[in-house]
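> What follows is a predicted structure for the sequence shown.
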Amino acid sequence: MRHGALRDPGRAAAELGLAERELSIALDDLSRLGLVHRAGEDEVWTPVDPTVAEVTARAPLEREIRERQLELSRLHARLRPVAALYAEHSRSERRAERLRQVDSAADVRRELSAMTRMCTEEMVSIQPGGGRNPNTLHGIVEESVAMLERGVRVRTLYQHTARASLATQTYVRAVSAAGARIRTTAEVFDRVIIFDRETAFVPQSRVEGRPQGASIVTDPTVVGFLYRMFETLWRSGRPFDLDEVIAGRLTEQDESAQDRLAADDLRLAILRLMAAGLKDDVIARRLGMAPRTLRRHLRDITGELRAESRFQAGYRAWRLGLPLEDEAGEPEPADGTLPEPE
């Protein structure tokens, strides 16, 4: 080949230290790649410019890709009008029902997935508890990013305790990079997911021995109330640092400040619930943390206030002027939130 052609395979094999069969296999491979071909009356092996070989090999593949793209375009043109009709029909049915009970967890997931695909403007959600299930987050990240790429706004409100969850941090990093906005707050009422201010998913009350389903609400008055509740909590929330740092709205110093503010919010929430006379297990559930974690916070609070008991800690917090009542001036109500569905 160095001389422009391979005229004597036996001699070439000897020079390369190969058996003639090995040389024959190598030539067949080069021929399939289009890098050599037989030329002239003697049909000697002649090298081909790799650029020419590439163009020759790419041509049928590119032709097939174009044909597939054309086929996809035709399929899209045929199905898109039907999909729009189906979505509008589904919305009309949902609005007419006002309230629908879905008892199976699998059916709830299917309904959520369908609403995620049909959502056109905004999805907001409240996710109580600490870090969420890693398998759940892994399953919804693609759907969330797909919504954002369609121009749908996504806002999610977690509790402060979710900041320590690596799985939640990974999810927040992925969706924040695509444009989602995430905040955390000390307390939330229950899990709620609202699509386009028209459809809300709320968990059913737990019944022992039965899987927890969801209620799908389309009544405008109820959905409007739930949306306003979300907005109130959203305004009181702290930006999840990953969201704001990726968007360039927070410096590293701001990021640390947000973490400190979230920790302060959490301590005040603990003091408020203590002042309301709630038990430790109820406080822990309200704040989305384990009882052991709550006890650690209580030790830190009593130590910081130089108190020897919970009562003394509450008294000293009151003397310091810390807000131990809600905005209406009433103590925190007894716990009535629903536990997180599995």
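Nice, I can see it. Predicted, not measured: the structure shown is a model, and the values here were computed from it.

> contacts and neighbour counts: CA atoms only from here.
Noted.

> in what helix or strand does Asp281 lie?
Here Asp281, judged by DSSP states H and E, is contained in helix 280-287.

> just Leu112 next, same as before
helix 105-118.

> packing partners for that helix?
Helix 105-118 is packed against helix 134-149, with contacts defined by 3 or more Cα pairs under 8 Å, 6 or more residues apart in numbering; DSSP states H and E.

> Mind giving me the packing neighbours of the helix it packs on?
Using 3+ Cα pairs under 8 Å, 6+ apart: helix 134-149 touches helix 105-118, strand 153-159, helix 166-177.

> if you set the cut-off to 10 Å instead, what comes out?
In this structure, helix 134-149 packs against helix 105-118, strand 122-127, strand 153-159, helix 166-177, with contacts taken as 3 or more Cα pairs under 10 Å, 6 or more residues apart in numbering; DSSP states H and E.

> Which strands and helices lie in contact with the helix holding Asp281?
With contacts taken as 3+ Cα pairs under 10 Å, 6+ apart, helix 280-287 sits against helix 252-275, helix 291-304.

> lowest-confidence stretch among those?
Among these, helix 252-275 has the lowest mean pLDDT, at a mean of 62.

> Near Asp29, how many other residues are there?
13 (other Cα atoms under 10 Å).

> Is it in a helix, a strand, or coil?
At Asp29, secondary structure determined by DSSP: H, G, I helix; E, B strand; the rest coil is helix.

> for Ile216, same thing?
Going by three-state DSSP: Ile216 is strand.

> Does it touch Glu111 like I think?
Yes: at 9.0 Å, Ile216 and Glu111 qualify as touching, with contact defined as Cα atoms under 10 Å.

> Could you tell me which residues touch both of these two?
Common contact partners of Ile216 and Glu111 (Cα atoms under 10 Å, 6 or more residues apart in numbering): Val102, Phe201.

> between those two, which one's more packed in?
Taking other Cα under 10 Å, Ile216 and Glu111 do not tie; Ile216 has more neighbours (25 against 15).

> any idea how far Gly139 is from the more buried one?
Using Cα to Cα, to the nearest Å, Ile216 is found at 21 Å from Gly139.

> what does Gly213 give?
Distance of Gly213 to Gly139, computed by Cα to Cα: 19 Å.

> more crowded one of those two?
Taking other Cα under 10 Å, Gly213 and Gly139 do not tie; Gly213 has more neighbours (23 against 10).

> burial count for the residue nearest to that one when sequence neighbours are not counted?
Distances taken as Cα to Cα, 6 or more residues apart in numbering put Asp103 closest to Gly213, at 4.2 Å, once the chain neighbours are dropped. The number of residues packed near Asp103 is 16, by other Cα under 10 Å.

> do the same with the one 3 residues further on
Close neighbours of Ala106, defined as other Cα under 10 Å, add up to 11.

> for Val124, same thing?
Neighbour count of Val124, defined by other Cα under 10 Å: 22.

> Would you check that it makes contact with Ala200?
Yes: Val124 is in contact with Ala200 according to Cα under 10 Å; the separation is 9.5 Å.

> For the chain, give me the ranges with low pLDDT.
For the chain, applying pLDDT under 70 flags the ranges 1-4, 7, 40-43, 84, 87-96, 130-134, 188, 241-265, 315-316, 318-342.

> Pop the domain breakdown of it in here.
Annotated domains of the chain cover 9-48, 57-97, 99-257, 259-319 [automatic domain parsing].

> my guess is Ser236 contacts Gln159, does it?
No: when contacts are counted by Cα under 10 Å, Ser236 is not listed as touching Gln159 (11.5 Å).

> These two - which one has more neighbours?
Neighbours were counted for Ser236 and for Gln159 using other Cα under 10 Å; Gln159 has more, 26 against 13.

> for the more buried one, what are its contacts?
Contacts of Gln159 (Cα under 10 Å, 6+ apart): 126-131, 183-188, 237-238, 262, 266, 286-289.

> buried subset of these?
Burial by neighbour count, 16 or more other Cα atoms under 10 Å: within the contacts of Gln159 this picks out 126-131, 183-188, 237-238, 262, 266, 286-289.

> Run a quick neighbour tally on Glu198.
Around Glu198 sit 19 other residues, with neighbours defined as other Cα under 10 Å.

> Give me the phi and psi for the nearest residue to it once chain neighbours are set aside.
Excluding the flanking residues, the one nearest Glu198 by Cα to Cα, 6+ apart is Thr218, at 5.8 Å. Main-chain torsions, Thr218, degrees, to the nearest 10: phi -130, psi 0.

> So Thr218 sits against Leu99, correct?
Yes: judged on Cα under 10 Å, Thr218 makes contact with Leu99 at a distance of 6.3 Å.
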